[in-house]
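S.K.: Predicted coordinates and the sequence they were generated for:
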Amino acid sequence: MNIADLEKFIVDFFAANQCEILAQHDGVISVQLTEELDKVLMNRPFYWHYINSIGEKGSPMTLTLITNPDRKNEEGEWIHFGSPRLQQIWNYLIEQEKYTLLFEAIHAEQNTALYPWLLTNIKISYKGRQKKAELISLGIQLINGKIIVNMMEELNKLDLKQQISNYCFTLSPLISLTNGYRRVESVVLNYIEKQPHDWALEAEQTLKEEIAVLNHFYQDNQNDKLLAKEIEELKTRYEPEIRLEVVNGGLIYLNEAL
């Protein structure tokens, strides 16, 4: 996910949660929060407790987020990969919207089959000298095994509902959800394998250099426990790591194969 994708992700997130986008220009996004997202994001528990106790209607805050690094010193909050605010949004998605069941809305006059798709949105986190993350959306049809990248973009073009339309029926999957997810995971792992890994080599080199400095510093010091503790802290900070995390997903029934 690059900066443009991050901006789109943020706008889509707030719009999907009924927040008004007050302004969006050159990597600066201003949003009028709802009461729910104010409670989730703005850390004002005492305010909302007081408002609720007196039976008044609260005033959700506006939030300005900056994705353009060239404008990060302007009024607002710079949001980037690894920032607490972005992690907060991802955590909310995980807690509130992890799984869904949707059907394509069809105006059918005769029996119409809907094909099962497993949607999986996966966050890939890279940790080394620096942290970064990207979001990948994949869909697999559970009849023929076809996999589509950027599945959310395809779904955004469709009218999806929580109730199945009249005269429609669902086809039973030939591929289990577990097997479908394993195939999706294999695609993600193959994608990661093909990415440049210079960042990991640089992190390993930095780790070796930092450990060498520590060993030199402690060569006349007999405190082996302290040395071991600091080496572990360095490994935690610099040792290359890639983590996969399912942000959300669901079972989506569509009229025709994409």
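M.R.: Yep, it's here. Numbering: from 1, shown residues only.
S.K.: Do a quick rundown of the helices in the stretch 51-200 of the chain.
M.R.: 84-96, 151-155, 177-194, 198-217 (DSSP state H, counting those that start in this stretch).
S.K.: buried ones in stretch 154-164?
M.R.: By neighbour count on 16 or more other Cβ atoms under 10 Å, the buried set for stretch 154-164 is 154-155, 164. Quick note: C-beta positions are derived from backbone N, CA and C, even for glycine.
S.K.: Turn those residues into CSV, columns for pLDDT and distance to Thr100.
M.R.: Converted to CSV, those look like this (pLDDT from 0 to 100; distance: Cβ to Cβ, whole Å):
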residue, pLDDT, distance to Thr100
Glu154, 90, 15
Leu155, 90, 11
Ile164, 88, 14
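S.K.: I'd like the residues you listed as CSV, with distance to Arg182 appended.
M.R.: Listed next are the buried residues of stretch 154-164 as CSV, based on distance: Cβ to Cβ, whole Å:
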residue, distance to Arg182
Glu154, 22
Leu155, 22
Ile164, 27
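S.K.: wait, which of those is closest to Ala23?
M.R.: For these, the closest approach to Ala23 (Cβ to Cβ) belongs to Leu155, at 27.1 Å.
S.K.: Just give me how far the longest strand belonging to the chain sits from the chain centre.
M.R.: With DSSP state E applied, the strand covering the greatest number of residues in the chain is identified as strand 112-127. Distance, stretch centre to chain centre, for strand 112-127: 12 Å (Cα atoms, centre = their mean, to the nearest Å).
S.K.: swap in stretch 183-193?
M.R.: The offset between the C-alpha centroid of stretch 183-193 and the centroid of the whole chain comes to 17 Å, using Cα atoms, centre = their mean.
S.K.: can I have it written out in PDB, keeping just the CAs?
M.R.: Extracted in PDB, the C-alpha atoms of stretch 183-193 (Å, rounded to 0.1, in the frame of the first residue of the first chain):
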ATOM      1  CA  ARG A 183      -4.800 -21.000  -1.300                       C
ATOM      2  CA  VAL A 184      -5.100 -17.300  -0.600                       C
ATOM      3  CA  GLU A 185      -2.300 -17.400   1.900                       C
ATOM      4  CA  SER A 186      -0.100 -19.200  -0.600                       C
ATOM      5  CA  VAL A 187      -0.600 -16.400  -3.100                       C
ATOM      6  CA  VAL A 188       0.400 -13.900  -0.400                       C
ATOM      7  CA  LEU A 189       3.500 -15.800   0.600                       C
ATOM      8  CA  ASN A 190       4.500 -16.100  -3.100                       C
ATOM      9  CA  TYR A 191       4.000 -12.300  -3.500                       C
ATOM     10  CA  ILE A 192       6.200 -11.700  -0.400                       C
ATOM     11  CA  GLU A 193       8.900 -14.100  -1.700                       C
END
